[in-house]
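> Let's see this in three dimensions:
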Amino acid sequence: MRRLRNVKIVATLGPASDDYETIRALFEAGADVFRLNMSHGTHEDIAARHRIIRQIEKDTGRPIAILADLQGPKLRVGTFVAGAADLEEGNKFRLDLDPAEGDEHRVQLPHKEIFAALEPGSTLLVNDGKIRLKVEECGPDFANCVVTVGGTISNRKGVNVPDVVLPLAALSDKDRTDLEFACELGVDWLALSFVQRAADVEEGRALAKGRAAIMSKIEKPAAIRTFNEILAASDGIMVARGDLGVELPVQNVPPIQKQLVRASRAAGKPVIVATQMLESMIESPMPTRAEVSDVAAAIYEGADAVMLSAESAAGNYPVEAVKTMNAVAMEVESDPTYREIIESSRRIDRTTIAHGIVSAARDIAETTSIRAICCFTQSGTTASLTARERPPVPIIALTPLPETARRLCLTWGTHCVMTEAQDRFKGAVISAVRAVLEYKFATEKDQILVVAGVPFNVEGSTNILRVAPCEERLIYRSDPE
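As a prediction, this is how the structure comes out:
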């Protein structure tokens, strides 16, 4: 199966997409990556979905990436005597460590780390920012606040602290258990929630032990301030606009999204734009025009992937949501303005031989009748660097390693093909020709570019660029070397 677009689609699985037929339909509708949300469902549920995805991969013969999204250190208040309480603007409200049930005057906040970091004037956001509290006085076990935005607060609602770097471990005990479980299952990507600093990423990487690539979710102001360091430590980035829009003024989110996408592109690391992209399709078979524009904006920016959350996990129209996203992507990428925007935001980097090779491949593809760029890759670096150039032709990533093929399913413009290991460049050219003819990227009259590294099977050795004809007789010609 060949996608007729460059941007990838990530679909979250859940109660609405929990069987072979539905997940297969999501894949055929356009999903390239499936997200397993570790915040919901048991390990048995997650394992069952993982098995289904791998069976679909086997049945279709196309690599599929699986992203396990860890919950992160979620902060929540305790419980209330009546299950909820109404907080009025201007009233006083106390948060403390006392486990007694709360009322309109106080409630437990069972996170002493928060109290250790708070200062007078700090802001606390409850229930996705619907309630706002300003700290007037605080100590190691309490915070006396004034209600600046009132509302109903109920049991175990989430708490955000936007203007404080919290001294919390990046991974909770649950996250550590989930991480080990997901890695043992064999997921391809791990998404770390509420990352605040590069050290959080390194902790996740140390626990993963190379079994999965690490994606940092950017959803806290602290992560924006240290983004360059986080980007350098990560394999990929997710612009998680949900919590980001809670902890920052909503008008700040669009420019931050553009900045993060552009920086990730320049680093050659995949970036996902996520949260509420087609939110109305949870209950409606049609999206709003504003949602379509939101998806289109992310694609125009050159994001590697756009993501569906509740739309495909719990909505009434999961397959329709994927089809809609696929249709928007194909329409945007057929717009001449799309190429103009992509090219104007491209950052040229020729500081190494590998960078120079992929940059030259992009220039040749742009100015000649080349039909595809074929990359032989062990770790995925060659294909990722080629994708960073955002060439005007498809990228065929050929690798003998299934884990590399799967991880590259998240990378812009790549079509991943499993091939036998190569030890000579002639064999690599033959494999490339076979792939482009089989998947109809080119005909026998066309030419392709082949990018590889010699010696083969050595990570980071990209040093060859060759124009090759797609003559089928090349496939059967004896190799004189």
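
> Flag the shaky bits of this protein, pLDDT-wise.
Within the chain, the segments meeting pLDDT under 70 span 1, 460, 472-481.

> can you list the domain ranges for it.
8-73+171-334, 84-160, 353-476 (automatic domain parsing).

> Arg347 is nearest to which of these?
domain 8-73+171-334 (4.4 Å; CB to CB). The way it works is simple: take the backbone N, C-alpha and C, and place the C-beta from them, glycine included.

> can you give me the end-to-end distance of that closest one?
End-to-end distance for domain 8-73+171-334: 15 Å, by CA to CA, to the nearest Å.

> picking up where we left off before, could you save the domains of the chain as TSV and add columns showing mean neighbour count and distance to Ser344?
As requested, those are exported to TSV (neighbours: other CB atoms under 10 Å; distance: least, CB to CB, whole Å):
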stretch	mean neighbour count	distance to Ser344
domain 8-73+171-334	20	10
domain 84-160	17	35
domain 353-476	20	11
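
> okay if I get those domains as CSV plus distance to Arg2?
Listed next are the domains of the chain as CSV, based on distance: least, CB to CB, whole Å:
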stretch, distance to Arg2
domain 8-73+171-334, 9
domain 84-160, 40
domain 353-476, 5
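
> which stretch among these comes nearest Ser345?
Short answer: domain 8-73+171-334, nearest of the domains of the chain by CB to CB, at 6.1 Å.

> Would you mind listing the outside residues contacting stretch 195-212?
68, 165-166, 168-171, 176, 179-180, 182-183, 186-190, 192, 214, 216-220, 222-223, 226, 229-230, 232-234 (CB atoms under 8 Å, 6 or more residues apart in numbering).

> which ones are touching Val273?
By CB under 8 Å, 6+ apart, the neighbours of Val273 are 239, 241, 257, 261, 298, 301, 303, 305-307.

> and which of these is nearest Pro469?
Among these, and counting by CB to CB, the member closest to Pro469 is Ala305, at 33.4 Å.

> right, and that closest one touches Ala11 too?
No - the criterion here is CB atoms under 8 Å, and Ala305 misses it with Ala11 at 10.4 Å.

> where do the contact lists of these two overlap?
Joint contacts of Ala305 and Ala11 (CB under 8 Å, 6+ apart) are Val33.

> can you pull the contacts of Asn463?
Residues near Asn463 by CB under 8 Å, 6+ apart: 353-354, 357, 453-454.

> Keep only those of the residues you listed that are in helices.
With DSSP state H as the criterion, helices contain 353-354, 357 from among the contacts of Asn463.

> Can you lay out these as TSV showing distance to Ile53?
Shown next, in TSV, are these (distance: CB to CB, whole Å):
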residue	distance to Ile53
Ile353	37
Ala354	32
Ile357	34
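
> and the gap between the residue lying closest to Phe376 once chain neighbours are set aside and Thr399?
What sits nearest to Phe376 in space, not counting adjacent residues and going by CB to CB, 6 or more residues apart in numbering, is Ala452, at 4.1 Å. Distance of Ala452 to Thr399, computed by CB to CB, to the nearest Å: 11 Å.

> What residues are bridge-paired with the spatially closest residue to Thr148 that is not a sequence neighbour?
Leaving aside its sequence neighbours, Thr148 sits nearest to Arg132 (CB to CB, 6+ apart; 4.6 Å). Beta-bridge pairing for Arg132 (DSSP bridges): Leu125, Val149.

> And the strands in the stretch 1-150 of the chain?
8-13, 33-37, 65-69, 84-87, 92-96, 106-108, 123-126, 131-139, 142-149 (DSSP state E, counting those that start in this stretch).

> Output the third one as CSV, restricted to C-alpha atoms.
When you say that, I think you mean strand 65-69. Extracted C-alpha coordinates of strand 65-69, given in CSV (Å, rounded to 0.1, in the frame of the first residue of the first chain):
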residue,chain,number,x,y,z
ALA,A,65,4.8,2.2,13.8
ILE,A,66,3.5,1.9,17.4
LEU,A,67,3.8,4.8,19.8
ALA,A,68,3.3,4.1,23.5
ASP,A,69,2.3,7.4,25.3
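
> Can you name the residues in contact with that strand?
Contacts for strand 65-69 (CB under 8 Å, 6+ apart): 10, 12, 32-39, 46, 50, 53, 178-179, 182, 185-191, 193, 212, 215, 217, 406-410.

> can you do 6 Å?
Strand 65-69 has contacts (CB atoms under 6 Å, 6 or more residues apart in numbering) with 33-38, 53, 182, 187-191, 406, 409-410.

> check which helix or strand covers the residue positioned nearest the centre of the chain.
With distances taken as CA atoms, centre = their mean, the residue of the chain nearest its centroid is Ile272 (3.8 Å). Using DSSP states H and E, Ile272 sits in strand 271-274.

> Tell me which helix or strand comes right after that strand.
Using DSSP H and E, the first helix or strand after strand 271-274 is helix 289-300.

> Measure how far that following helix is from the centre of its chain, please.
Mean-position distance between helix 289-300 and its chain equals 17 Å (CA atoms, centre = their mean, to the nearest Å).

> what angle sits between it and strand 8-13?
130 degrees (axes from the mean of the first three to the mean of the last three CA atoms, to 10 degrees).

> Restricting to C-alpha, output the next helix or strand along the chain from helix 289-300 in CSV.
Once helix 289-300 ends, the next helix or strand along the chain (criterion: DSSP H and E) is strand 305-308. What follows is strand 305-308, C-alpha atoms only, in CSV (Å, rounded to 0.1, in the frame of the first residue of the first chain):
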residue,chain,number,x,y,z
ALA,A,305,2.7,14.0,11.4
VAL,A,306,-0.7,15.1,12.6
MET,A,307,-2.5,13.2,15.3
LEU,A,308,-6.0,12.0,16.3
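
> ok, strand 305-308: who's next to it in the sheet?
strand 8-13 (parallel), strand 271-274 (parallel).

> wait, which of those strands is closest to Ser122?
Among the strands paired with strand 305-308, the nearest to Ser122 by CB to CB is strand 271-274 (27.5 Å).

> I'd like to know how far the residue nearest to Ser461 when sequence neighbours are not counted sits from Arg176.
Excluding the flanking residues, the one nearest Ser461 by CB to CB, 6+ apart is Gly453, at 3.2 Å. To Arg176, Gly453 is 36 Å away according to CB to CB.
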